[in-house]
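Colleague: Have a look; sequence and predicted model below, questions after that.
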Amino acid sequence: MSHTPESYIAQQDEPIAQIMQILYQFIMASSPAITCRLNYGVPFFYQKKWLCYLNPLKKGGVELAFVRANELSNENAYLDFKKRKQVAGISIISPNEIPFEAIDEVLKEALLLDSMKRPK
């Protein structure tokens, strides 16, 4: 049983481990306010609340899923809701095809949303 996001990632099969490692480093480097810990058995990234998580896909690859995607603009349609109402993500099959610009854009908006007070 893995106890840290790093050990969880290291235990994954390739290319999932490589994709997760690249995404982990990219997300952690994007803001000093971001932390990561295992939740529901997968790496979750936080600022104040949950931002996103890395989910290995059964058919291979990794989904970077954003928890409050229903509140994001998604103006460039990067996020796929896959019949979910709140969570949506970006699926990545190959470490050579990671859409860093798209991830950066969505992550910045998710960080901004997370830093704002929620309406009561």
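Modeller: That came in fine, so what should we check first?
Colleague: how about stretch 36-52: buried residues?
Modeller: For stretch 36-52, the neighbour count (16 or more other CB atoms under 10 Å) marks 36, 38, 42-47, 50-52 as buried. For every residue, glycine as well, the C-beta is placed using N, CA and C.
Colleague: tell me the mean pLDDT over it?
Modeller: Looking at stretch 36-52 alone, the average pLDDT works out to 96.
Colleague: Touching that stretch from outside, list them.
Modeller: Contact with stretch 36-52 is made by 2-5, 8-9, 20, 24, 27-28, 31, 33-35, 53-56, 64-68, 89, 107, 110-111, 114-115, as judged by CB atoms under 8 Å, 6 or more residues apart in numbering.
Colleague: And that stretch, end to end?
Modeller: Here the two ends of stretch 36-52 are set 10 Å apart, with distance taken as CA to CA, to the nearest Å.
Colleague: State the distance from the closest residue to residue 109 other than its chain neighbours to residue 47.
Modeller: What sits nearest to residue 109 in space, not counting adjacent residues and going by CB to CB, 6 or more residues apart in numbering, is residue 72, at 5.3 Å. Distance from residue 72 to residue 47, counting by CB to CB, to the nearest Å: 14 Å.
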